[in-house]
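Undergrad: generate a structure from the sequence data that follows.
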Amino acid sequence: MGSLDWYDKSLREIIFQQDNDPKHKCLVHRGWYKDNGIELLPWPAQSVDIALIEHLWGHFKNRLKEYNHP
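TA: Numbers count the residues shown, from 1 in each chain. Here you go, the predicted structure:
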């Protein structure tokens, strides 16, 4: 059972959110969403709001610099 079944929803009742990474915006993907009546939430490409790990990379790099050897 998938999430749509669990919540008793159809594809036409949802708005799909993705990060709009270029590989998600190819013609095949966009055509599939359109053909299946799936509305996409407008979202900036590669948004750090979705990819939360992006907020931590600077912190990780600074901590790694503290080590005396690789």
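
Undergrad: when you work out contacts or count neighbours from here on, use the C-alpha atoms and nothing else.
TA: Will do.

Undergrad: show residues contacting the helix or strand encompassing Arg30.
TA: Here Arg30, judged by DSSP states H and E, is contained in helix 27-35. With Cα atoms under 8 Å, 6 or more residues apart in numbering as the test, helix 27-35 has contacts from 24, 39-40.

Undergrad: dump the C-alpha coordinates for it into PDB.
TA: C-alpha atoms of helix 27-35 as PDB (Å, rounded to 0.1, in the frame of the first residue of the first chain):
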ATOM      1  CA  LEU A  27      11.300  16.300 -20.800                       C
ATOM      2  CA  VAL A  28      10.500  12.700 -19.900                       C
ATOM      3  CA  HIS A  29       9.800  13.500 -16.300                       C
ATOM      4  CA  ARG A  30       7.900  16.700 -17.000                       C
ATOM      5  CA  GLY A  31       5.800  14.800 -19.600                       C
ATOM      6  CA  TRP A  32       5.100  12.000 -17.100                       C
ATOM      7  CA  TYR A  33       3.800  14.400 -14.500                       C
ATOM      8  CA  LYS A  34       1.700  16.200 -17.100                       C
ATOM      9  CA  ASP A  35       0.300  13.000 -18.600                       C
END
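
Undergrad: just checking, what packs against the next helix or strand along the chain from that helix?
TA: Proceeding N to C from helix 27-35, the next assigned helix or strand is strand 39-40, under DSSP H and E. Contact here means 3 or more Cα pairs under 8 Å, 6 or more residues apart in numbering; DSSP states H and E; on that basis strand 39-40 packs against strand 15-16.

Undergrad: just the pLDDT for Phe49.
TA: One thing to correct before we go on: residue 49 is Asp, not Phe. Listed pLDDT for Asp49 reads 64.
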